[in-house]
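**Q** Structural data only, the sequence is not supplied:
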């Protein structure tokens, strides 16, 4: 396996990604669009998800293909970004047609970034407009790090961000990942600059520091994120103030049920790159999609696809943090500023 030419999820042909952000708000939205509707499912393994239209992605539900996926900051407010994307799709004649009615299907997931130093005293929910802007910005190339839905993301020890990575498989298929890294946990090993995802790094794509030689690690460092949020007052330990959300994609022909299995396998990549992950206070979620619906073809090699998706996701998480840049009123340092 080797990365695609962009090392982005858009190495899967027919996909585009758009970002929009508000630097004062310290938040944003990201949309993934296809040239045509695509098959998708979802696997949720965190205890505090924030979602829209994810039930219909289960294999036993009626809708077979969707028009876009949205990742957003803003906690529950951020779900409105999907409404903006849905409106733009409708204007462009994209969606599920029922007579004269056109209904774009736009599942979405959000991260909590309301306590990150940004100005949140808006008079009108800003995420609808951010969704429109993200749609209008959609392209095969896009920024990662402090961009889109990752603009205000925070990990336990550093600024988080938006990450992406890809693999070209020996089968000729492509797998890609897109992620907003905003977890309870840390993406680096205690007191080091070494990423948990280091064993999966390709061509020094997140610094080339390799893996730490530490052994016997059983607990994380005290969280800088938790300490920084304490300045806003007492935050209940049970508050859902985190979450890592992701999309994995392939051009291998898959059914909806096979997309479900791909999403489930990809969660291994999250667990390998973040410690701890899948906590009660994270809404950890992965969408999986195929741009090629399977009909009479031989079933795809889901073992290889799932392994590639997990490795892509680990790399994308590290790249999200590696590419984060400093901004005014940041609560946490970037990885480049401080180990």
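**A** On my side now, so go ahead. This is a predicted model, so every value here is computed, not measured. Numbers count the residues shown, from 1 in each chain.

**Q** Now do the helices in this protein.
**A** In the chain, the helices defined using DSSP state H lie at 80-91, 127-136, 224-229, 256-273, 302-322.

**Q** list the buried ones in the longest one?
**A** Residues 302, 304-322 are the ones in helix 302-322 that count as buried (16 or more other Cβ atoms under 10 Å). (Glycine included, C-beta is placed from N, CA and C.)

**Q** what's the answer for the fourth one, then?
**A** When neighbours are counted by 16+ other Cβ under 10 Å, the buried residues of helix 256-273 are found to be 256, 258-273.

**Q** now the angle from that helix to helix 302-322?
**A** For helix 256-273 against helix 302-322, the angle by axes from the mean of the first three to the mean of the last three Cα atoms, to 10 degrees is 50 degrees.

**Q** for this protein, what's the longest strand?
**A** Ordering each strand of the chain by length in residues (DSSP state E) puts strand 27-44 first.

**Q** next one: it to chain centre, how far?
**A** 10 Å (Cα atoms, centre = their mean, to the nearest Å).

**Q** what lines up beside that strand in the sheet?
**A** Strands that pair with strand 27-44, judged by DSSP bridges, come out as strand 15-22 (antiparallel), strand 66-72 (antiparallel), strand 285-290 (antiparallel).

**Q** buried residues in it?
**A** Neighbour-count burial for strand 27-44 flags 27-34, 37-44 (criterion: 16+ other Cβ under 10 Å).

**Q** for the residues you listed, which one is nearest residue 128?
**A** Checking those against residue 128 by Cβ to Cβ gives residue 29 as the nearest, at 9.5 Å.

**Q** May I see the helices of the chain arranged in TSV, with mean pLDDT and distance to residue 61 as well?
**A** Below are the helices of the chain laid out as TSV (pLDDT from 0 to 100; distance: least, Cβ to Cβ, whole Å):
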stretch	mean pLDDT	distance to residue 61
helix 80-91	97	18
helix 127-136	98	24
helix 224-229	84	36
helix 256-273	97	8
helix 302-322	97	20
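
**Q** any idea how far residue 124 is from the nearest residue to residue 311 once chain neighbours are set aside?
**A** Spatial nearest neighbour of residue 311, excluding adjacent residues (Cβ to Cβ, 6 or more residues apart in numbering): residue 200 at 4.8 Å. In this view, residue 200 and residue 124 are 42 Å apart by Cβ to Cβ, to the nearest Å.

**Q** Over to residue 268?
**A** Distance, residue 268 to residue 124, using Cβ to Cβ: 41 Å.

**Q** same check, this time on residue 52
**A** Counting by Cβ to Cβ - residue 52 and residue 124 are separated by 19 Å.
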